[in-house]
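[1] for reference, the sequence and a predicted model appear below.
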Amino acid sequence: GTKGVVRATTVVARRIEPERTRQGEAVTTYVLDGSVVRVGGARVLVGGSPLRLFRLTAAGANMIDRIEQGEQPDAADTTAGSAVSRLLDRLLDAGVIHPVPATNTPSLAVTVVIPAYCTAAGQAASALERLIRGCGSAESIVIVDDASPVPIAPVTGATLIRHERNRGPGAARNTGAALVTTPLVAFVDTDVVLAEPNPTNERGWLDLLVAHFVDERVALVAPRVTSVPGESLIERYEQLHSPLDLGDRPGPIKAGSRISYVPSAAIVVRTDHFRAAGGFDEAMRVGEDVDFVWRLAAAGHRLRFEPASVVSHSPRRTLAAASRQRFGYGSSAAPLARRHRGAVAPVRVSGWSAAAWATTVAGWPIVGGAIAAVTTALLARKLRDVPDGPKLALRLAGLGHLYAGRSLASGVTRAWWPLACAGALISKRCRRIVVLAALAPPSIDWLRNRPSIPMPNYVALRLADDIAYGAGLWRGVANERSLAALTPDLTSWPGRRQTAAE
C-alpha cells in the first residue's frame with residue numbers, strides 16, 4: 001500500500017484522546033421518515049425510498065406507535081430474530097425509519113486520513129492546521145501529500161507522508177489507510193471546513209458519525225456537506241444547489257434511492273470493511289468515491305447519511321471552474337455504469353409514467369390521461385383490502401406521475417440535451433418540449449424557495465450546470481463506447497413487493 005511513497009524525515013504525531021462517554025447503557029432510538037403515511041387503521045405503512053408498502057401485524061403497529069411517540073420500541077418485541085426485529089431492520093434499510101444513537105454511545109477510535117494536493121505551501125499549512133483542530137476526537141491523523149508541486153511541510157499533530165508522483169485522491173486515501181490501526185478511518189479533503197470542538201463539550205461532527213457504528217452492520221457513515229457561504233453569484237448558487245449537499249433528511253445510502261451516493265469529502269468507514277472492499281479504485285480520478293460506496297453496499301453492508309453532522313466545502317468561485325467540476329462529474333457516469341450495471345440511470349421512472357408523459361407530449365393527452373387512469377386503477381386493485389385504498393392509490397399514482405414528469409424533464413436538459421437540441425432543430429413540438437423542460441423545473445424551485453438570486457440568473461445557472469454535466473457524460477460515453485449511462489430505468493411501478501411483521 002506504500003509503493004511509490006517517500007516518508008517524510010520529520011514526522012510529528014500526537015494522540016488526541018477520544019471523548020469520554022457517560023456511564024450507562026447506550027440506547028438507539030428511531031424517528032419516522034417524512035415520507036411515511038399510515039392508513040388502514042395504522043396497520044398499513046407507505047414510505048421510504050424507493051416507495052414501499054408495509055402491512056403490519058399488531059406487534060409491528062405497536063412498534064411504529066412507540067416510535068411516533070418518541071419512545072423506544074418494546075424490548076420484548078424486538079429481541080434478536082423476532083418478526084418485529086426483522087421488520088425493524090427492513091424499515092431501516094428501506095429508509096422508513098432512521099436511527100438516533102444515544103449521546104453516551106461507546107466511542108470507537110478513529111484515524112483521520114487527509115489526501116492533499118496543494119500548489120501554495122502557505123495555504124496548505126493553514127488549511128491543514130484548521131482541519132487538525134476540527135478533528136478533536138480523532139486518535140491520530142495522517143496527511144498524504146500527493147506529489148504537490150511545493151512539498152507540504154510537516155504539521156504539528158499529524159503524520160505526513162508523500163507520493164513521489166501524483167496518483168490521484170483515491171490512491172492518496174489508500175496510502176493513508178494502509179497505516180491505520182484503529183477500528184475506524186475517516187477521510188477528509190483539504191477543501192473541507194470542520195467546526196472546531198465546542199467548549200461546552202457538545203458532540204462534534206465526527207462524534208455524531210462514530211455513534212452510528214454501535215450498529216455492527218454499519219460500514220460507512222457520511223455527514224451533510226454544505227457549501228461555504230460567499231458573496232459571488234456562483235457561491236450563492238452553490239449554497240442552493242451544490243452537488244455535494246444531499247439535504248437535511250437522513251437515510252440509507254444505496255443506488256436508486258433518494259440518497260444514491262455520498263461524496264468522499266468527509267466519510268467514516270470501518271477499517272476492516274474498507275480493506276475487504278479493496279479501498280478506492282486508483283484507476284478512477286473522478287467518481288472513485290461513488291464506486292467505493294456502491295461496492296460497500298453491494299457487499300451487504302449498511303451505509304448511513306447523517307445530516308445532523310455538518311461539514312462545509314469550499315465551492316468553485318467562477319462559472320468556468322464550476323462547469324469544469326460538473327463536466328468531470330458527468331465524465332464519471334459511464335465508467336461507473338460499466339462497473340455497476342443498472343446503477344447509473346439518468347432517469348428512473350415507471351414504464352407506465354413514461355408512456356403517459358410520452359403520449360401526452362406527442363400530442364395525445366387523452367391517451368396519456370387514460371394510461372395514468374389505468375395505473376391508478378391497478379394500484380387501487382392492489383390496495384382493495386386496505387381501508388381508504390382507492391384514496392391512497394389516487395394519491396400515490398398522482399404523485400408518482402408528477403415526480404416522473406420532473407425526472408424526465410431533468411433527463412432532457414441534463415443527460416439527453418444533445419439529442420433534444422437536435423430534435424428541436426427539426427421539430428416545433430420538440431422545441432416546445434425542450435423550452436418547457438429547461439425553464440419549468442428551475443422556475444418552480446425558485447418560486448418555492450425564493451433564493452436571493454434573481455430568477456433569470458438562477459434558471460441560467462441551472463441550465464449551465466446541466467449542460468456541463470451532460471457534456472461530460474457524453475464524453476465518458478464516447479470513451480467507454482457504451483450507452484448504459486444514457487439508458488433510463490423504466491421500472492415497474494407500483495411494485496409488487498410488500499412486507500409484514502409476521
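    In hand now; what should we look at?
[2] residue 450: neighbouring residues, count only.
    Using other CB atoms under 10 Å, the number of residues around residue 450 comes to 8. Heads up, the C-betas are built off the backbone N, CA and C, glycines and all.
[3] for it, give its distance to residue 465.
    Counting by CB to CB, to the nearest Å, the separation of residue 450 from residue 465 is 19 Å.
[4] shouldn't residue 38 be in contact with residue 45?
    Yes - Residue 38 lies in contact with residue 45 (CB atoms under 8 Å); the separation is 5.4 Å.
[5] give me the common contacts of those two.
    Listed as contacting both residue 38 and residue 45 by CB atoms under 8 Å, 6 or more residues apart in numbering are residue 64.
[6] for residue 31, give me phi and psi.
    The phi/psi pair for residue 31 (degrees, to the nearest 10) reads phi -130, psi 150.
[7] quick one: it and residue 339, what's the gap?
    Computed with CB to CB, the distance linking residue 31 and residue 339 is 34 Å.
[8] can you list the weak-confidence ranges in this structure?
    Judged against pLDDT under 70, the low-scoring parts of the chain cover residues 1-27, 74-81, 105-106, 121-123, 197-202, 492-502.
[9] of residue 38 and residue 45, which one has the most company?
    The residue with the greater number of neighbours, taking residue 38 and residue 45 and applying other CB under 10 Å, is residue 45; the counts read 26 against 18.
[10] which strand runs longest in this structure?
    Once the chain is assigned using DSSP state E, the strand that runs over the most residues is strand 302-313.
[11] from the contact counts, what lies against that one?
    When contacts are defined as 3 or more CB pairs under 8 Å, 6 or more residues apart in numbering; DSSP states H and E, strand 302-313 packs onto strand 192-193, helix 205-210, strand 218-227, strand 251-252, helix 288-298.
[12] so of those, which one's packed in deepest?
    With neighbours defined as mean count of other CB atoms under 10 Å, these peak in mean count at helix 205-210, which reaches a mean of 26.
[13] for that one, what is the distance to the chain centroid?
    Relative to its chain's centre, helix 205-210 lies at 17 Å (CA atoms, centre = their mean, to the nearest Å).
[14] list the contacts of it.
    Under the criterion CB under 8 Å, 6+ apart, external residues in contact with helix 205-210 comprise 19, 105, 107-108, 110, 112, 134-138, 184, 186, 194-195, 221-223, 266, 268, 306, 308-311.
[15] can you select the buried ones from those residues in PyMOL?
    Buried members of those, identified by 16 or more other CB atoms under 10 Å, are gathered into one PyMOL selection as follows:
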select buried, resi 105+107+108+110+112+134+135+136+137+138+184+186+194+221+222+223+266+268+306+309+310+311
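[16] ok, back up a step: to residue 488, which of the helices and strands packed on strand 302-313 lies closest?
    Across the helices and strands packed on strand 302-313, the minimum distance to residue 488, taken as CB to CB, is reached by helix 288-298, at 18.9 Å.
[17] contacts for the closest one next, please.
    In this structure, residues lying in contact with helix 288-298 by CB under 8 Å, 6+ apart are 168-170, 219-220, 253-255, 261-264, 267, 269, 273, 277-282, 284, 303, 332, 335-336, 339-340, 343.
[18] same deal with stretch 332-343?
    Where contact means CB under 8 Å, 6+ apart, the residues beyond stretch 332-343 that reach it are 255-256, 260, 281, 284, 286-287, 290-291, 294, 298, 344, 346, 472-473, 476-477, 479-480, 482, 484-485, 489.
[19] what comes up buried for it?
    332-337, 339-340, 343.
[20] and which of the residues you listed is nearest to residue 440?
    Each of the buried residues of stretch 332-343 was scored against residue 440 by CB to CB, and residue 333 proved nearest at 24.2 Å.
[21] what sits closest to the closest one if chain neighbours are left out?
    Ranked by CB to CB, 6 or more residues apart in numbering and with sequence neighbours excluded, the top spatial neighbour of residue 333 is residue 485, at 4.2 Å.
[22] just checking, which of the contacts of stretch 332-343 belong to strands?
    The strands in this structure, assigned by DSSP E, contain residue 489 from those.
[23] could you tell me how far residue 356 is located from residue 408?
    In this structure, residue 356 and residue 408 are separated by 10 Å, where distance is defined by CB to CB.
[24] between these two, tell me which one has more neighbours.
    residue 356 (25 against 21).
[25] next, the contact list for the more buried one, please.
    Residues near residue 356 by CB under 8 Å, 6+ apart: 368-369, 371-372, 375, 401, 404.
[26] buried ones only from the contacts of stretch 332-343, please, as a PyMOL command.
    Only the buried members of the contacts of stretch 332-343 end up in this PyMOL selection, burial being decided by 16+ other CB under 10 Å:
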select buried, resi 255+260+281+284+286+287+290+291+294+344+346+472+473+476+477+480+484+485
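[27] hey, where'd the strands end up in the stretch 101-250 of the chain?
    Counting by DSSP state E, counting those that start in this stretch, the stretch 101-250 of the chain has these strands, from start to end: 110-116, 140-145, 159-163, 184-188, 192-193, 218-227.
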